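Asks: Here is a sequence together with a model predicted from it:
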Amino acid sequence: MIDGGVGRDPSGGREAYFLEYATQFARELSVPVMLSGGFRSRAAMIDAVESGAADVIGLAGPIAVGPDFPRRILDGTTQVSICTPPKVGNKNIDDLLSGAWYQAQIARLVRGKPTPPKRTPIVGLAIMLATTLRDRLIVRIPTLAGDRS
């Protein structure tokens, strides 16, 4: 799979978005290279490290849904992340919804709640908007009351 191009995960999605760049950096740098961006399968991660393109693999997306994913990858009990944010088919909308979806998942982890991998992206967007509105109101309430501290 490592040829400087982009791999495909077993579900048909892109993997290792920045593999080509990491390969070039690794040739020129004498420091470890971390590669992040789209890794979902154990095979692609192993391939990127063994090829010398990366020394470390970033897994923010998969960890947002399954915090134990790195352990399961390392011990061989899983091969592919279940982290696949739902899409509606429009790149701009999908990017917005995906960001909201990940934000909602990470917020649940912070509160000690399980992450629902099948939650629809619109729910994530609604939660993000409600949280943003709440946070803006909390910040403005003291100002509206005359407290400028």
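Replies: Now that the structure is in, tell me what you want to look at.
Asks: on contacts alone, who are the packing partners of the lengthiest helix in the chain?
Replies: When the chain is scanned for its longest helix (criterion: DSSP state H), the result is helix 121-144. Other helices and strands packing on helix 121-144, by 3 or more Cβ pairs under 8 Å, 6 or more residues apart in numbering; DSSP states H and E, are helix 91-110. (Glycine included, C-beta is placed from N, CA and C.)
Asks: Okay, now the unreliable bits of the chain?
Replies: 1-14, 139-149 (pLDDT under 70).
Asks: residues in contact with the residue nearest the centre of it?
Replies: Averaging the C-alpha coordinates of the chain gives a centre point, and the residue nearest to it by Cα atoms, centre = their mean is Gly61 (2.1 Å). By Cβ atoms under 8 Å, 6 or more residues apart in numbering, the residues touching Gly61 are 38, 40, 81, 83, 85, 102.
Asks: Counting neighbours, show which residues of the longest helix of the chain come out buried.
Replies: 121, 124-125, 127-128 (16 or more other Cβ atoms under 10 Å).
Asks: Please apply the same query to stretch 95-108.
Replies: 97-98, 100-105, 107-108.
Asks: Dump the contacts of Gly61 into TSV; add secondary structure and distance to Val31 as well.
Replies: Shown next, in TSV, are the contacts of Gly61 (DSSP: H, G, I helix; E, B strand; the rest coil; distance: Cβ to Cβ, whole Å):
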residue	secondary structure	distance to Val31
Gly38	coil	23
Arg40	coil	26
Ser81	coil	27
Cys83	coil	28
Pro85	coil	32
Tyr102	helix	28
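Asks: Cheers, nothing more for now.
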